[in-house]
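Trainee: Predicted structure and sequence below. I'll ask about it afterward.
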Amino acid sequence: MFTQYIDDPASFPAESFEACPAIYQEYIEGDEHIRLNCFGDRMYAALLKTDKLDWRADLTIPISTWPVPDEMGEKVITVLRRLGLRMGIIDIKLTPSGEPVWLEVNPQGQFLFLEPILKIPLADYFLDFLLSEKSSDLTSLR
């Protein structure tokens, strides 16, 4: 199910929330969405430009690579470590003033759809990450 805007969440009876659990997020204005793929300490991000609330249904929108600012990268690594994650696919929305708002992290999120669009070898980067994780696991056993 795609993300939907709810005009008045208070209009729903409490029983509806109890019967149909879902994720509710504050609406963030803006038309710039970031899909940040973090594999260990390496990050690859895409900027998706659309005024739609949920961009997943239309990948013909403008999508380009997005350089992750150092400060944001450090914060991402900190959050992932605190969550006990070595990788995460993170959704961020930029407000009209450019402020990043973290929406979610998915430890197994989709990212390969970006490979042909951005023309970067995300599958190779992910494989490198997996092999380095396996290698570090073996090293720690010695």
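Mentor: Good, I have the coordinates.
Trainee: hmm, who's touching stretch 46-64?
Mentor: 2-5, 27, 31-35, 65-66, 113-114, 117-118 (CB atoms under 8 Å, 6 or more residues apart in numbering). For glycine as for every other residue, the C-beta is placed from the backbone atoms N, C-alpha and C.
Trainee: so where do the helices sit in the chain?
Mentor: Assigned by DSSP state H, the chain shows helices spanning 14-19, 70-83, 114-118, 122-141.
Trainee: Tell me which of those helices approaches Trp102 most closely.
Mentor: With CB to CB, the closest approach to Trp102 among the helices of the chain belongs to helix 70-83: 7.8 Å.
Trainee: other SSEs contacting that closest one?
Mentor: On a contact count with 3 or more CB pairs under 8 Å, 6 or more residues apart in numbering; DSSP states H and E, helix 70-83 meets strand 32-39, strand 87-94, strand 100-106.
Trainee: got the CA positions of that helix in PDB?
Mentor: The C-alpha trace of helix 70-83 is given here as PDB (Å, rounded to 0.1, in the frame of the first residue of the first chain):
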ATOM      1  CA  ASP A  70      29.900  14.400   5.900                       C
ATOM      2  CA  GLU A  71      27.900  15.500   8.900                       C
ATOM      3  CA  MET A  72      24.900  13.600   7.800                       C
ATOM      4  CA  GLY A  73      27.000  10.500   7.000                       C
ATOM      5  CA  GLU A  74      28.500  10.600  10.500                       C
ATOM      6  CA  LYS A  75      25.000  10.800  12.000                       C
ATOM      7  CA  VAL A  76      23.700   7.900   9.900                       C
ATOM      8  CA  ILE A  77      26.600   5.700  11.000                       C
ATOM      9  CA  THR A  78      26.000   6.600  14.600                       C
ATOM     10  CA  VAL A  79      22.300   5.800  14.400                       C
ATOM     11  CA  LEU A  80      22.900   2.500  12.600                       C
ATOM     12  CA  ARG A  81      25.500   1.500  15.200                       C
ATOM     13  CA  ARG A  82      23.100   2.300  18.000                       C
ATOM     14  CA  LEU A  83      20.500   0.100  16.300                       C
END
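Trainee: Please state the offset of that helix from the chain centre?
Mentor: Remark: helix 70-83 is offset 13 Å from the chain centroid, using CA atoms, centre = their mean, to the nearest Å.
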